[in-house]
Every structure is written in C-alpha cells, then in structure tokens.
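Q: Give me the fold of what follows.
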Amino acid sequence: MTRSGGRRPPRTARARTPRGESRVGTRFEVEVGPIAHGGFCVARHEGRAVFVRHALPGEQVVVVVTEGTEGDRFWRADAVEVLVPSAHRVVPPCPYAGPDACGGCDLQHVAVPHQRELKAAVVAEQLRRLAGLDLAVTVEAVPGDTPPGSGLGWRTRQRYAHLPDGRQAMRKHRSHDLVPVDHCLLESPDPAAHLVRDVSFDVAGDGFWQVHPGAPAILVEAVLAGLDPRPGESALDLYAGVGLFARFLADRVGDARRVTMVEGDRAASGHAAANVPGAPALAGDVATVLGRLPVEPVDLVVLDPPREGAKRAVVEQVVARTPRAVAYVACDPAALARDVATFAEHGYALASLRAFDLFPMTHHVECVAHLVKSDSDLR
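A: Down below sits the predicted model:
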C-alpha cells in the first residue's frame, strides 16, 4: 500500500479565518462525555462542544483551551487537573506523556485493557453513524509488546526529530513544536523482522512494513480466515505493498499467476514482484490501474488502503468484478465505515469484523472487515 516507512508527518492545525477573540488558555471545569474518533473525549461547555485530550469518560476535570475562538462551534482542550478520576485512570508510564508534552500517545493515562474497550466503542460508533450498522466490537490484544501486556516496547521502527543542539525530540500534538525526549517507551528493543509464517519478505530500508511485531502474522491470519481462498480461484490484492497478503493468497489458490497485485509505490511494487514470483505486479494509482484493466470477474479481493480509505471510485471498480468475498484491512474506522456503506449500496454486506490493538497507548486501531455479496452462499 502507499504508505511511508516511518512516522507520518505531524498533523497540524489548519489555518482558518478567526471567528472572534481567541480563547486559547481559557480554563474551566467540565464533565467529560464519550470517547470519540481521534484520541479525545467530547465535553460541553455553555452549549459548545469541547474536544478534550488526556481525559476519560465520566471524569470531572479542569481543561485549558488549546485551539478555539469565541465564534467557533467547538474548541480543543487539554485536561490539566482531574477533580473526579475514572476508575480506569493510571499514571502514564512515560514522563513525556501529557498536556503540552509529546503528542505521540493519546491514551497513556488509561489502563491498557480499557484502552481497547474505548477503541472498540469508537469503531462501533463509526459503523453505526456512517454505515448504519449496529455491531458489537471487541479489540483484540496482539502479542509483541515489551514487557508483555504493558502496551510498550512494540514500535519496531521509530524516527525522532532533532533540536538545533542535536538532542532527539518528539513533536507536540497538532504542532511542529519539539519536546526533548531521551527515549520513547513505545520503541521496540528489536528491529522489524520481515518474516511471516517462515516466509522472508524483501522490503526497502524506508519502505512500509507494519511497526507492531505481531501485526503481519495476525493480519494475514484474519484475511485468509475471512476469504477462505480455494484452489483455482483468482484474486486482486489492492494497495498490495510488498505483497504480504498476495504471497499467502498465491499459496492457497495454487498459482501465483492468478493473484494480481496493484500498488501505488513503484519501489514497493518491485519488491512485491520479487516476494511473489509469478504474480503480476502493477504499479500505479489503484483507481487508475483498475480503470485500465478489463472488467473481468474475480473471486477474491484484498483491500489495504491508506488512512483515507479506498473511496467510492475503487469500491465501485471492485464490485464491478463481482468477487464472492472481499477482505478490507483498515487503519481508520471512519474511512472503513464509509467504504462499507458504499459496498452495501452495491449488494455487499459486512459478514464479520475483527479489530486489533496494533498501536497501544494511541487511539489508532486496525480492523479487518469481511464482505460478501448478499446473494452469496458464503455466510
């Protein structure tokens, strides 16, 4: 898939026309409401929504506004004092986590098991709001953190910014401002091992590979379990990266030539060709490449798009090929829900969904959705 090999550039506040006097720095008390997509909870103050970081649902906290003007519909804020704490609140293990500090972790103040419950609530809410689905969601723990169960020491690729004096640093939330950091507790003691099910993968030094050590194997397992590939079937692996899913699809269908990979990054596509010998590896924008290919039936499709999702143009080209099953790997639940809704318009129903905690201490969650044609014999 078209993703960079390291951390994505920091998300910064969008420039916008001020709507009155700035309220940055304003302090007030709020009762914290539900968790929302993006690593914050929603509170209300004098009728205005306030997106609060470093808080938990049900808490009574003092917040300081970090973004917002008098005329804005909502403000962003940090909880700087906890008056009534949640039973799930813990002391963050990292000294750099918290308001006006490193912005890499959203949930270090939350007990790890409850982090997963909050992420499950977000996935379920996005599916309900954007796809009209009422689904119970469980976020599964994935082995690979160090020490086990800590939610720390899992990030096998870590990049630091650097201060003018050479010290390493991390960025603040929604900012380019730097915070000196001796060591990130999420960093794994071991480098990434490009080995899955005894298969070694060729990956560029700066190419994309899942940063959680347990991610590649569990995602392959989930994709194959959902698709149940059969000998002789054909498959498309879209946003194929270096061919992780295609490699094992080829084994199951019995002929790599029946698995076509499409990847936007040419270097990754070259590695995919080496990792899945015999499988066609097409480089280019997925929607554009699909538009150039004959619209012929295909049995199976894997989608592993970047954070913005596959979007309608790709989904409609997928359903035009009438696959019996689609596996959709998603790192953003809102994008997943929007695309699931588009699939539903074309007769594809969500048959199952698994969610994985591949990014402990952050709000991010990875999902594998399994979609089938409504009139399919696969249920």
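Q: Show the model's pLDDT score for the residue nearest the centre of the chain.
A: The centroid of the chain falls nearest to C331 when counting by Cα atoms, centre = their mean (2.2 Å). For C331, the pLDDT comes out at 96.
Q: Likewise for the one 10 residues further on?
A: Among the per-residue scores, A341 holds a pLDDT of 98.
Q: Buried residues of the helix or strand where it lies, list them for me.
A: According to DSSP states H and E, A341 maps onto helix 333-345. By 16 or more other Cβ atoms under 10 Å, the buried positions in helix 333-345 come out as P333, A334, A335, L336, A337, R338, D339, V340, A341, T342, F343, A344. Every C-beta, even on glycine, is put in place using the N, C-alpha and C of the backbone.
Q: Identify the residues contacting that helix?
A: Residues outside helix 333-345 that contact it (Cβ atoms under 8 Å, 6 or more residues apart in numbering): 37, 122-123, 126-127, 129-133, 303, 305, 307-312, 315-316, 319, 326, 328, 330, 349-350, 365, 367, 369, 371.
Q: If any of those are buried, put those into a ChimeraX selection.
A: Here is the ChimeraX selection string for the buried members of the contacts of helix 333-345, based on 16+ other Cβ under 10 Å:
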select :37,122,123,126,127,130,131,133,303,305,309,310,315,316,319,326,328,330,349,350,365,367,369,371
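Q: Okay, and which of the contacts of helix 333-345 map to strands?
A: L303, V326, Y328, A330, A349, L350, C367, A369, L371 (DSSP state E).
Q: Just give the closest residue to the fifth one, not the sequence neighbours.
A: The one in question is A349. Excluding its sequence neighbours, the residue lying closest to A349 (Cβ to Cβ, 6 or more residues apart in numbering) is S374, at 5.2 Å.
Q: Now do the one you found, the pLDDT please.
A: S374 is given a pLDDT of 81.
Q: so where's the stretch 201-350 of the chain uncertain?
A: For the stretch 201-350 of the chain, applying pLDDT under 70 flags no range at all.
Q: what ranges do the helices span in it?
A: Ranges of helices within the stretch 201-350 of the chain are 215-227, 244-253, 266-275, 286-292, 311-319, 333-345, based on DSSP state H, counting those that start in this stretch.
Q: Name the residues of the fourth one that are buried.
A: So that's helix 286-292. With the criterion 16+ other Cβ under 10 Å, helix 286-292 contains buried residues V286, A287, V289, L290.
Q: Which other helices and strands does it contact?
A: strand 259-263, helix 311-319 (3 or more Cβ pairs under 8 Å, 6 or more residues apart in numbering; DSSP states H and E).
Q: what residues does that helix touch?
A: So helix 286-292 is in contact with 238-239, 262-264, 282-283, 305, 310-311, 313-314, 317-318, going by Cβ under 8 Å, 6+ apart.
Q: So E140 sits against P360, correct?
A: No. Checked against Cβ atoms under 8 Å, the pair E140 and P360 is beyond contact range at 11.9 Å.
Q: Please say which of these two ends up with more neighbours.
A: P360 (26 against 15; other Cβ atoms under 10 Å).
Q: Now for that one: which residues touch it?
A: Contact partners of P360, counting by Cβ under 8 Å, 6+ apart, are V112, Q115, D145, G151, L152, W154, L186.
Q: Now do it against A120, distance only.
A: 14 Å (Cβ to Cβ, to the nearest Å).
Q: mind checking how far V110 is from V91?
A: Distance from V110 to V91, by Cβ to Cβ: 11 Å.
Q: okay, those two: which has more neighbours?
A: The neighbour count for V110 versus V91, taken as other Cβ under 10 Å, is higher for V110 (23 against 7).
Q: Provide a list of residues in contact with that one.
A: V110 neighbours (Cβ under 8 Å, 6+ apart): L56, H88, R89, V90, L118.
Q: Quick one: neighbours of V196, just the number.
A: Going by other Cβ under 10 Å, the residues that sit close to V196 add up to 19.
Q: Please tell me I have it right and it contacts I218.
A: No. With contact defined as Cβ under 8 Å, V196 does not count as touching I218 (10.0 Å).
Q: returning to that earlier point: can I get the buried part of the contacts of helix 286-292 as one ChimeraX selection?
A: Selection of the buried residues among the contacts of helix 286-292 in ChimeraX, burial being defined by 16+ other Cβ under 10 Å:
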select :238,239,262,263,264,282,283,305,310,314,317,318
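Q: just to revisit the earlier point, nearest to C41, of the ones in strands among the contacts of helix 333-345?
A: Nearest to C41 out of these is C367 (Cβ to Cβ; 21.3 Å).
Q: And the closest one, how close does it get to G20?
A: From C367 to G20 the distance is 39 Å (Cβ to Cβ).
Q: got it, and P57?
A: 30 Å.
Q: do the same with L163
A: The gap separating L163 from G20 is 35 Å, by Cβ to Cβ.
Q: quick one, which of the two is more surrounded?
A: L163 (13 against 10).
Q: which residue sits closest to the more buried one, ignoring its sequence neighbours?
A: Closest to L163 by Cβ to Cβ, 6+ apart is A169, at 5.2 Å.
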